[in-house]
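Asker: sequence below, structure please.
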Amino acid sequence: PGLCPVCGSEVIRIEGQAAYRCTGGLVCGAQRKEAIKHFASRKAMDIDGLGDKLVEQMVDLDMIHSPADLYHLEVSQVAGLERMAEKSAGNLLKALEKSRATTLAKFIYALGIREVGEATADALAAYFGSIEALQQADVESIQRVEDVGPVVAESVYHFFQQEENRSVIDDLIRQGIHWPDPIGQNEAETQTLLGHTYVITGTLEGLSRDQAAAKLKALGAKVSSSVSSKTTAVVAGEKPGSKVSKAESLGVEILDQAGFEALINE
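Answerer: Presented below is the predicted three-dimensional model:
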């Protein structure tokens, strides 16, 4: 089929894949619940209190049709839902308010574009610097991004070609979703780890792995989940995994917690 029978968006088959897929990720009724759950998840927009059951209830009751509708909700609507009361409804609206301030990488990841995980979202944000530039990019430009191959580039391109997806993104931005501007020349001086790649393993005292990764990314570093010869260093906390032996075999530097703290406080 050329168009999705549920939402009317373009249906494509990416080279090398068997299935035809709908590109209306943010608006397709068949994908709606999963798209909104992903959007609200901790590594995406991190909307505290918006669990899967609540999303399903809201979609079933036609209260929300896309992630943008979340930001139109009122306390009275939410308080009337099963297992919700005025206080929990108020807390959810506060969490939605808080989620309006995000980063471009998290926003791209939250859109739930097929084939785009956290690392790819980071790379796209760093390369394009704005959602507008990414929306206007052709397949060739997207493929210039580090670690983005033809399958991912096609998927990203087709997602942004759909008018419905773009319209949800515009609505989200009108609802006050924002992130810091791309790094200007002045701020580039604070990006002391630009071009470096780190891997985190084990438990760090007083810091979750996500928090440690955020500190590295704030200084321009890339955080990867696997060790290779391109890795700058492995940050090893208590009870590290096999990544330390892999780093040793490749001659990659290993930083303990003190070394990590010295690095980010330089």
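Asker: shaky segments in the protein?
Answerer: The chain contains residues with pLDDT under 70 at 1, 14, 16-17, 30, 182-190.
Asker: ok, now which ones touch residue 77?
Answerer: Listed by CB atoms under 8 Å, 6 or more residues apart in numbering, the contact partners of residue 77 are residue 63. For glycine as for every other residue, the C-beta is placed from the backbone atoms N, C-alpha and C.
Asker: quick check: buried residues in the host helix or strand of residue 57?
Answerer: Using DSSP states H and E, residue 57 maps to helix 52-60. In terms of neighbour count (16 or more other CB atoms under 10 Å), helix 52-60 has its buried residues at 54, 55, 57, 58, 59.
Asker: neighbouring contacts of that helix?
Answerer: 32, 33, 36, 37, 40, 64, 65, 81, 82, 83, 84, 92.
Asker: picking that back up, and the buried residues of helix 52-60, which is closest to residue 236?
Answerer: Proximity of the buried residues of helix 52-60 to residue 236 (CB to CB) peaks at residue 55, which lies at 37.6 Å.
Asker: strands of the chain, start to end?
Answerer: Taking DSSP state E to define them, one finds strands in the chain at 11-12, 21-22, 197-201, 222-224, 233-236, 253-255.
Asker: including distance to residue 149, could these go into a markdown table?
Answerer: Listed next are the strands of the chain as a markdown table, based on distance: least, CB to CB, whole Å:
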| stretch | distance to residue 149 |
| --- | --- |
| strand 11-12 | 16 |
| strand 21-22 | 17 |
| strand 197-201 | 18 |
| strand 222-224 | 16 |
| strand 233-236 | 25 |
| strand 253-255 | 29 |
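Asker: now tabulate the ones you listed in CSV and tack on mean neighbour count and distance to residue 130.
Answerer: Formatted as CSV, these follow (neighbours: other CB atoms under 10 Å; distance: least, CB to CB, whole Å):
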stretch, mean neighbour count, distance to residue 130
strand 11-12, 17, 25
strand 21-22, 20, 27
strand 197-201, 22, 24
strand 222-224, 21, 19
strand 233-236, 23, 30
strand 253-255, 16, 33
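Asker: now residue 85: closest residue in space, sequence neighbours ignored.
Answerer: Spatial nearest neighbour of residue 85, excluding adjacent residues (CB to CB, 6 or more residues apart in numbering): residue 79 at 6.1 Å.
Asker: residue contacts, the one you found?
Answerer: By CB under 8 Å, 6+ apart, the contact set of residue 79 is 85, 86, 88, 89.
Asker: just give me the residue closest to the centre of the chain.
Answerer: The chain has residue 109 as the residue nearest its centroid, 2.3 Å off, counting by CA atoms, centre = their mean.
Asker: what about the nearest residue to it once chain neighbours are set aside, distance to residue 134?
Answerer: Excluding its sequence neighbours, the residue lying closest to residue 109 (CB to CB, 6+ apart) is residue 121, at 3.8 Å. Applying CB to CB, to the nearest Å, the value for residue 121 to residue 134 is 10 Å.
Asker: returning to that earlier point: so how far is the helix holding residue 57 from its chain's centroid?
Answerer: From the chain centre to the centre of helix 52-60 is a distance of 21 Å (CA atoms, centre = their mean, to the nearest Å).
Asker: same check on stretch 161-181?
Answerer: Chain-centre distance of stretch 161-181: 14 Å, with CA atoms, centre = their mean.
Asker: quick check: closest non-adjacent residue to residue 108.
Answerer: Leaving aside its chain neighbours, residue 108 sits nearest to residue 121 (4.2 Å; criterion: CB to CB, 6+ apart).
Asker: could I get the contacting residues of the one you found?
Answerer: Counting by CB under 8 Å, 6+ apart, residue 121 touches 105, 106, 108, 109.
Asker: what's across from residue 101 in the sheet?
Answerer: Beta-bridge partners recorded for residue 101 (DSSP bridges): residue 178.
Asker: pretty sure residue 179 is one of the things it touches, is it not?
Answerer: Yes: counting by CB atoms under 8 Å, residue 179 is a contact partner of residue 101 at 7.4 Å.
Asker: against residue 249, how distant is residue 238?
Answerer: According to CB to CB, residue 238 and residue 249 sit 22 Å apart.
Asker: show me the contacts for the nearest residue to residue 23 once chain neighbours are set aside.
Answerer: Of all residues not flanking residue 23 in the chain, residue 158 sits nearest, at 4.6 Å (CB to CB, 6+ apart). For residue 158, the contact set (CB under 8 Å, 6+ apart) comprises 10, 12, 23.
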